[in-house]
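# For reference, the sequence and a predicted model appear below.
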Amino acid sequence: MLLFRRLVPPLLLLLIGAAHAEQALQLSAELTTAPALKFDAAPPPSVLPLLPDPSQEVKDDLPPMPTIDLTTPPDDLWQRMRNGFSMPDLDSPLVADRQAWYLNRPDLLKRIFERSRRYLHHIVGELEKRGMPTELALLPIVESSFNPLAYSSARALGMWQFIPSTGKNYKLQQNWWFDQRRDIVASTGAALDYLQYIYEMHGDWHLALASYNWGEGAVGRAVAKNRAKGLPTDYLHLKMPAETAYYVPKLQAIKNIIAQPQLFGINLDPIPNRPYFGTVDRTEKMDIALAARLAEIPVEEFIALNPAYSRPVMPNAANSPLVLPAEKVQTFLANLQSHEAQDKPLSAWLTHNLKKGETLDKVALRYGLSAARLKQLNGINARTKITPGFALLVPGKDAVGHEALAARLPQTPANPPKATKWKKGKSKGAAPKNRKPSAAKPAVKPKKR
């Protein structure tokens with residue numbers, strides 16, 4: 001009996017296994033004899049109900065969220081600029097201080113914004129080509145109030161305020177005929193080149209801007225000093241001159257106002273998002289008065305777009321194209337073709353080489369000028385050395401209106417304006433219209449290589 005009990009469980013397991021094996025063989029036989037599947041047959045009806053269309057099922061009474069289509073250029077240049085803002089914001093009480101300063105001078109802001117309309121489209125486009133933050137287009141407000149004739153006590157000149165040595169480093173020509181530190185196209189290219197260089201040096205836009213104002217060497221030493229002391233090395237923690245400490249806050253304040261003008265009660269007139277000016281290459285020298293007449297624009301507008309020229313005649317130097325309102329380029333070209341077809345000269349001015357023993361008074365009398373006007377036309381000041389062979393520009397018989405033109409041409413002063421101590425509440429970068437900045441400005445230092 002005991003042996004039987006021990007044998008029953010194994011026998012049961014064998015019987016159960018045999019039954020399962022027989023079922024498996026039967027199933028396999030059924031599968032092999034089943035008809036082949038036909039893939040072109042209609043599928044069986046679904047046993048699961050179809051899910052409802054989500055677009056019809058979800059119903060929301062909330063208004064749709066506003067979207068910004070960055071693939072379509074905006075009509076307003078200000079909005080295009082806002083879309084490219086990418087510089088980190090500066091959180092400092094000095095920003096609020098400068099913001100209040102500008103907001104308390106709405107007439108000044110209006111004049112600056114109106115002056116900027118000629119130049120902003122070009123600057124924004126150049127920044128976008130380089131992948132740079134578009135708020136840098138506002139930097140000329142801080143530097144010169146968008147005045148291309150601005151001249152500082154540090155001999156910094158133009159919209160971007162280059163000193164002579166840095167201008168030469170960035171191939172801005174400076175000679176008797178013209179100064180490219182005032183040139184809109186050339187100085188913008190040089191300024192962006194320099195900003196790129198100092199950004200790559202520091203890897204920080206705030207430090208790059210401090211370098212633009214104070215010099216990259218000075219900023220580098222300030223960073224090294226803080227690093228040696230275990231202190232933070234960002235813009236807000238560096239020890240720097242007062243003007244440099246306020247420099248980035250001024251730009252941030254302007255950026256805040258442009259970003260949300262309604263918030264600050266500012267009526268920001270839109271700027272059409274299209275080029276304000278175009279360029280025309282020249283191969284011969286040409287009178288400024290003639291160029292303005294051929295373009296059918298006032299001389300003042302021509303000088304505002306071509307502020308680099310110091311003489312009534314533009315030389316045929318390389319890389320100095322004419323800058324004209326975009327809608328006047330074809331007008332200029334058509335009138336120029338007609339002018340040349342009549343075999344008329346492009347310049348009515350002559351060059352007189354000073355002879356030995358000849359005085360400026362005698363030359364002026366010969367050409368019907370006063371000695372003062374002759375000096376003005378030729379940029380002669382107390383520092384100018386007058387020797388035999390000195391070339392003087394004098395008007396020919398067809399040089400009409402040279403008296404009025406001479407008074408309008410921009411000149412580089414012989415002596416910089418007197419420096420004044422920079423104090424809180426004063427801003428060089430917010431100079432009134434048609435006035436040069438009077439406060440001292442640390443020069444844009446040349447690169448040390």
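In hand now; what should we look at? Numbering: from 1, shown residues only.
# What about residue 228, how many residues nearby?
If you count neighbours by other Cβ atoms under 10 Å, residue 228 ends up with 8. C-betas here are computed from N, CA, C, even on glycine.
# Backbone dihedrals for it, please?
The phi and psi values for residue 228, taken as degrees, to the nearest 10, are phi -60, psi -30.
# so how far is residue 234 from it?
Distance, residue 228 to residue 234, using Cβ to Cβ, to the nearest Å: 16 Å.
# Verify the stated contact: residue 89 with residue 252.
Yes. Here residue 89 reaches residue 252: they are 6.5 Å apart, a contact under Cβ atoms under 8 Å.
# Of those two, which one has the most company?
Neighbour count, other Cβ under 10 Å: between residue 89 and residue 252, residue 252 has more, with 25 against 12.
# Where does pLDDT dip in the stretch 301-449 of the chain?
318-319, 400-403, 406, 414, 418-449 (pLDDT under 70).
# for it, what spans make up the strands?
Taking DSSP state E, counting those that start in this stretch as the criterion, the stretch 301-449 of the chain carries its strands at 313-314, 322-325, 349-353, 391-395.
# Would you mind giving these as CSV with mean neighbour count and distance to residue 131 added?
What follows is the strands of the stretch 301-449 of the chain, written out as CSV (neighbours: other Cβ atoms under 10 Å; distance: least, Cβ to Cβ, whole Å):
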stretch, mean neighbour count, distance to residue 131
strand 313-314, 23, 34
strand 322-325, 22, 25
strand 349-353, 14, 44
strand 391-395, 18, 44
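# okay if I get the ones you listed as CSV plus distance to residue 136?
Below are the strands of the stretch 301-449 of the chain laid out as CSV (distance: least, Cβ to Cβ, whole Å):
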stretch, distance to residue 136
strand 313-314, 30
strand 322-325, 21
strand 349-353, 39
strand 391-395, 38
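# and the residue lying closest to residue 268 once chain neighbours are set aside, how far is that from residue 201?
Of all residues not flanking residue 268 in the chain, residue 261 sits nearest, at 4.1 Å (Cβ to Cβ, 6 or more residues apart in numbering). For residue 261, the distance to residue 201 equals 34 Å [Cβ to Cβ].
# Could you do residue 228 as well?
For residue 228 relative to residue 201 (Cβ to Cβ), the value is 19 Å.
# And stretch 384-401, what's buried?
By 16 or more other Cβ atoms under 10 Å, the buried positions in stretch 384-401 come out as 390, 392-395, 399.
# quick one: which of these is nearest to residue 185?
Checking these against residue 185 by Cβ to Cβ gives residue 393 as the nearest, at 24.7 Å.
# how close does the closest one get to residue 352?
Distance, residue 393 to residue 352, by Cβ to Cβ: 8 Å.
# same deal with residue 288?
The value you get for residue 288 to residue 352, if Cβ to Cβ is used, is 19 Å.
# ok, now residue 277?
34 Å.
# Same check on residue 371?
Counting by Cβ to Cβ, the gap from residue 371 to residue 352 is 14 Å.
# And for residue 100?
Separation of residue 100 from residue 352 (Cβ to Cβ): 56 Å.
# Now do stretch 91-111: distance to the chain's middle.
21 Å (Cα atoms, centre = their mean, to the nearest Å).
# and residue 120, how many neighbours?
Applying other Cβ under 10 Å, we find 23 residues neighbouring residue 120.
# same question, residue 204
19.
# What backbone torsions are found at it?
Phi and psi for residue 204, reported as degrees, to the nearest 10, are phi -150, psi 130.
# Residue 294 now?
Dihedral angles (degrees, to the nearest 10) for residue 294: phi -70, psi -30.
# can you pull the contacts of the residue lying closest to it once chain neighbours are set aside?
Of all residues not flanking residue 294 in the chain, residue 335 sits nearest, at 4.2 Å (Cβ to Cβ, 6+ apart). The contact partners of residue 335, by Cβ atoms under 8 Å, 6 or more residues apart in numbering, come to 293-296.
# out of the strands of the stretch 301-449 of the chain, which comes closest to residue 410?
Nearest of the strands of the stretch 301-449 of the chain to residue 410, taken as Cβ to Cβ: strand 313-314 at 13.0 Å.
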